[in-house]
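Asker: One predicted model, sequence on top.
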Amino acid sequence: MINSTLPVAIIGGGPVGIAAAAHLVKRNEQFILFESGEEIGTNFSDYGHVRLFSPWEYNIDEAAKELLVKHHIPLPPKDELPFGEEIVSKYLKPLTQLPEMKPYIHVNSRVLHVGKKGFDKVKTKGRDQAPFYIRVEENGTEERIYEAKAVIDATGTWQNPNPINAEGLMTDNEKGVSNQIYYGIPDVLNRDRDRYKNKTVAVVGSGHSAINTLLDLTKLKEQTEHTQIIWILRKQDTTDVFGGEGNDQLPARGQLGTRLRNTLENGHIKAYPSMLIQSISSTSDGKLNICGYQQQKQKVIHNIDEMIANTGARPDFQFLKEIRHTFDSALECVPDLADLIDPNIHSCGTVRPHGEKELRQPEKNFYIIGSKSYGRAPTFLLATGYEQARSVVAYITGDHESAQQVKLKLPETGVCKLTPKPPAAKTSCCCD
């Protein structure tokens, strides 16, 4: 029988993992949280220079807010748009320093393995009564074992970016030029300015990360004489990227699309829509040639200095090999979410309310929440993760009625349409 005094283990110290902790505190339930980075909110710090398009209203969890108010911590204005760094400095750090939270949070603690004590994945009899067994590497050297009565995986996907190759594989030639590829959103206008100024830069991707990168590069181009911007996207039409624009219920999100449209119309960016990258080769003078197919015809883009990969990310299941969990075969998301978020089916960007029932895994009291629950699907708002955390914690702590009462109202994107699947492309390489 599982010891009822064991804590609930949370893996991941981002906003959604911290929200789960806050809800456990609210219900007087013990928890322990493991964050692999040196501080809470490491992933947000990676793009701390980026202003979010969702205001604080959607970025602070309700249970977390109650804790902050209890300790007289001032809250940011709900209509203000925070930078990524401010999510950490104005919200996560003050919250996790509170006495109800700080003693139970472990940073520099990378989870190596989650399983059931005394059980491999195959063994069933008595499995539900065994505690979870968690092996953790602390401070890069020491390994420790922890036990828990439930596990919430909120590790996200940010640290596991997709490769540039159209087939989704990290090829040897991409690895060979990785020093000229930035995976994520670089600080083009400040920290990374010297890396990109007066260079020919190719941005790969078509989501909001790519839009932010392209707009920053455009500002850099206006300030420097020789900066050139190449945009490579798999979508057949650049207009598919603009979103709802003025119809978006998050105005800042809509404005991203409008600004990008204006930038393209002004000729600041050379776009290559419907292009599938097959390989990247390096020339003798250190330039890159990008080889692929555009409209099923061979295409080579020459003389690229730097590439920025905004191609999304994917979940990491390596540490869950002995846990009974399932995921959609295409999106790698929690199975019951697949039809709600599949970009092959729709492009709404809004999802009906869902909670513990949809997130339930074959392993009792194990859940994947937050952006990792969406797998490779691109669109995720923190408010979605917060409601997931609330519902899952309610169920784990025995309040099944509250767990079922899922309430989530997300701002509409202003666009919802069927998206045809792209035609099959040739896969042979077209350059040396």
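Answerer: Alright, I've got the coordinates. If you're wondering where the values come from, they're calculated on a predicted model, not measured in any experiment.
Asker: how about the strands of the stretch 51-200 of the chain, start to end?
Answerer: 105-106, 109-116, 132-138, 142-148, 150-153, 181-183, 200-204 (DSSP state E, counting those that start in this stretch).
Asker: Out of those, which is the most enclosed?
Answerer: Among the strands of the stretch 51-200 of the chain, strand 150-153 has the highest mean neighbour count (mean count of other CB atoms under 10 Å), at a mean of 27. (C-beta placed from N, C-alpha, C; glycine too.)
Asker: Can you list the strands that that one pairs with?
Answerer: Sheet pairing of strand 150-153 (DSSP bridges) gives strand 8-11 (parallel), strand 366-368 (parallel).
Asker: taking the mean pLDDT, what do you get for the first one?
Answerer: Read that as strand 8-11. Averaged across strand 8-11, pLDDT comes to 98.
Asker: how distant is it from the center of its chain?
Answerer: Its chain's C-alpha centre and that of strand 8-11 lie 19 Å apart, by CA atoms, centre = their mean, to the nearest Å.
Asker: CA atoms only for whichever helix or strand comes after that strand, dumped as PDB, please.
Answerer: Later in the chain than strand 8-11, the nearest helix or strand by DSSP states H and E is helix 15-26. Taking Å, rounded to 0.1, in the frame of the first residue of the first chain, the C-alpha atoms of helix 15-26 are listed here in PDB:
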ATOM      1  CA  PRO A  15       4.900  28.200 -14.600                       C
ATOM      2  CA  VAL A  16       2.700  25.100 -15.000                       C
ATOM      3  CA  GLY A  17       4.700  22.900 -12.600                       C
ATOM      4  CA  ILE A  18       4.800  25.800 -10.100                       C
ATOM      5  CA  ALA A  19       1.000  26.100 -10.500                       C
ATOM      6  CA  ALA A  20       0.600  22.400  -9.600                       C
ATOM      7  CA  ALA A  21       2.700  23.000  -6.500                       C
ATOM      8  CA  ALA A  22       0.500  26.000  -5.500                       C
ATOM      9  CA  HIS A  23      -2.700  24.000  -5.800                       C
ATOM     10  CA  LEU A  24      -1.200  21.200  -3.700                       C
ATOM     11  CA  VAL A  25      -0.300  23.900  -1.000                       C
ATOM     12  CA  LYS A  26      -3.800  25.100  -1.200                       C
END
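Asker: Checking my notes, Leu331 in a helix, right?
Answerer: No - going by DSSP: H, G, I helix; E, B strand; the rest coil, the assignment for Leu331 is coil, not a helix.
Asker: how close does it get to Gly37?
Answerer: Using CB to CB, to the nearest Å, Leu331 is found at 26 Å from Gly37.
Asker: Neighbour count: these two, which is higher?
Answerer: More neighbours surround Leu331 than the other of Leu331 and Gly37, with 22 against 18 (other CB atoms under 10 Å).
Asker: Now the more buried one. Nearest residue, chain neighbours left out?
Answerer: Leaving aside its sequence neighbours, Leu331 sits nearest to Gly375 (CB to CB, 6 or more residues apart in numbering; 4.3 Å).
Asker: Then Ile181?
Answerer: Excluding the flanking residues, the one nearest Ile181 by CB to CB, 6+ apart is Met307, at 4.6 Å.
Asker: Against Lys197, how distant is Leu220?
Answerer: Using CB to CB, one obtains 6 Å as the distance from Leu220 to Lys197.
Asker: who touches both of the two?
Answerer: Residues touching both Leu220 and Lys197 (CB atoms under 8 Å, 6 or more residues apart in numbering): Thr227.
Asker: For the strands paired with strand 150-153, give me CSV that also has distance to Arg253.
Answerer: Formatted as CSV, those follow (distance: least, CB to CB, whole Å):
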stretch, distance to Arg253
strand 8-11, 29
strand 366-368, 26
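Asker: Using a markdown table, please lay out those together with distance to Glu401 and mean neighbour count.
Answerer: Shown next, in a markdown table, are the strands paired with strand 150-153 (distance: least, CB to CB, whole Å; neighbours: other CB atoms under 10 Å):
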| stretch | distance to Glu401 | mean neighbour count |
| --- | --- | --- |
| strand 8-11 | 19 | 26 |
| strand 366-368 | 18 | 25 |
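Asker: For Gly246, find the nearest of the ones you listed.
Answerer: strand 366-368 (35.6 Å; CB to CB).
Asker: Give me the next element, helix or strand, following that closest one.
Answerer: Immediately after strand 366-368, counting by DSSP H and E, sits helix 382-396.
Asker: what residues does that following helix touch?
Answerer: Outside of helix 382-396, the residues within contact range by CB under 8 Å, 6+ apart are 8, 15-16, 19-20, 23-24, 27, 29, 54, 58-59, 61-63, 150, 152, 154, 351, 353-356, 359, 365, 367, 369-371, 373, 400, 402-404, 406-408, 410.
Asker: relative to helix 15-26, how tilted is that helix?
Answerer: For helix 382-396 against helix 15-26, the angle by axes from the mean of the first three to the mean of the last three CA atoms, to 10 degrees is 40 degrees.
Asker: Output helix 382-396 as CSV - backbone C-alpha positions only.
Answerer: C-alpha atoms of helix 382-396 as CSV (Å, rounded to 0.1, in the frame of the first residue of the first chain):
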residue,chain,number,x,y,z
LEU,A,382,-0.3,29.1,-19.8
ALA,A,383,-4.0,29.4,-18.8
THR,A,384,-4.6,26.0,-20.3
GLY,A,385,-1.8,24.5,-18.2
TYR,A,386,-3.0,26.1,-15.1
GLU,A,387,-6.5,24.6,-15.5
GLN,A,388,-4.9,21.2,-16.2
ALA,A,389,-2.9,21.5,-13.0
ARG,A,390,-5.9,22.5,-10.9
SER,A,391,-8.0,19.6,-12.2
VAL,A,392,-5.3,17.0,-11.8
VAL,A,393,-4.4,18.1,-8.3
ALA,A,394,-8.0,18.0,-7.3
TYR,A,395,-8.3,14.5,-8.5
ILE,A,396,-5.1,13.3,-6.8
